[in-house]
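> fold the stuff below for me.
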Amino acid sequence: MTLEHHLPSIWDSHWKNFPVKDKIPHRDLKRIIEEILPSGRILEVGFGRGYLINHLSLLGYESFGIDISKEAVKIIQTHKSVIGGKTKIIRGDSMGLPFKANYFDLIFSQGLIEHYSD
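Modelled structure (predicted):
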């Protein structure tokens, strides 16, 4: 099997026992996003815990998150139930995004790109 086949289980293992907290998201990145895009549709690719993308939904952004890990999806669902939020969550592979071209006003990732060799 290739590494791609193992990625979901690798990330599931990483996130499985991760505590869910009412964490303040990365303040600098949040500020930059607010400055360049006062409102709009945003996608975070590889959201991990999902704190920032969910927080942006609380600020009125139409927020989406995609992650390959079912455990990451569980974390953000729990986080949404604790603090609220309307982020639309997709479990999927970032190499095959299920959206039309130009659907988002902003797409960002906080820690995914370095895991790809191409």
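> tell me the mean pLDDT over stretch 62-70?
The pLDDT scores in stretch 62-70 average 92.
> which residues does that stretch contact?
7-8, 11-12, 14-15, 40-48, 50, 53-54, 56-57, 73, 76, 85-94, 97, 104 (CB atoms under 8 Å, 6 or more residues apart in numbering). Bear in mind the C-beta positions are built from the backbone N, C-alpha and C, glycine included.
> how about the secondary structure of the nearest residue to Phe99 once chain neighbours are set aside?
Distances taken as CB to CB, 6 or more residues apart in numbering place Leu43 nearest to Phe99, at 7.4 Å, with adjacent residues excluded. Three-state call for Leu43 (DSSP: H, G, I helix; E, B strand; the rest coil): strand.
> which residues touch Leu43?
Phe64, Gly65, Ile66, Leu97, Phe99, Phe104, Leu106, Ile107, Phe108.
> run through the bridge partners of it.
Beta-bridge partners recorded for Leu43 (DSSP bridges): Phe64, Ile107.
> quick one: low-confidence residue ranges for this structure.
Applying pLDDT under 70 to the chain flags the ranges 1-8, 10-26, 111-118.
> spatially central residue in it, please.
Most central in the chain under CA atoms, centre = their mean is Phe47, positioned 2.2 Å from the mean C-alpha point.
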